[in-house]
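Participant: Sequence and predicted structure below; questions after.
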Amino acid sequence: MPRGLRLLLQQQIAKKLEVSAEKVVQRLKQLAFFDVRKLYNPDGSLKPITELDDETAAAICSIQVGKLYEHYAKGKAQHVGTTIKIKLCDRGINLERLGRYIPGLFKDKVDVAGTVSIADIIAAGRKRVAEMRAAQAAK
């Protein structure tokens, strides 16, 4: 598919889905600077999932719930608790993605300026080798 046509299709899809650069950068900002305290009530208990706002819910990558049982007789157990593991989206990756949007914040390329040619480097290396050999021969 020609590049121009592909770009046009991508723009049409983004418009249809209401996806813009501003929305993407805003979401990256929310993920990068998410405050984990928003998961908890003032008393320190975990908020029910139904009470989380959209920003908080979006920062969660996965939730694992495990039930704990106490075994007290053959084949009998009593539920004694629940463990909840919440994995949040990776803050570092989202900070990097957000930082890459800001021009000049990260430098992926190193600019090298100079007039030294490969031939000059090879000549200098040969000269050093010759000097080392001469020094060894003199010993």
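Facilitator: Alright, I've got the coordinates.
Participant: Could you check how far the longest helix anywhere in the chain is from the centre of its chain?
Facilitator: Counting by DSSP state H, the longest helix found in the chain is helix 118-138. How far helix 118-138 lies from its chain's middle: 47 Å, per C-alpha atoms, centre = their mean, to the nearest Å.
Participant: Report the mean per-residue pLDDT for that helix.
Facilitator: Averaged across helix 118-138, the pLDDT comes to 91.
Participant: And it, what's buried?
Facilitator: Buried residues in helix 118-138, counted by 16 or more other C-beta atoms under 10 Å: none are found. Bear in mind the C-beta positions are built from the backbone N, C-alpha and C, glycine included.
Participant: Show me what it is packed against.
Facilitator: Taking 3 or more C-beta pairs under 8 Å, 6 or more residues apart in numbering; DSSP states H and E as contact, there are no helices or strands that helix 118-138 lies on.
Participant: Does Lys29 belong to a helix, a strand or coil?
Facilitator: Here Lys29 is helix, with the state taken from DSSP: H, G, I helix; E, B strand; the rest coil.
Participant: Which residue ranges of this structure form helices?
Facilitator: Under the criterion DSSP H, the chain carries helices at the ranges 3-16, 21-32, 54-58, 91-101, 118-138.
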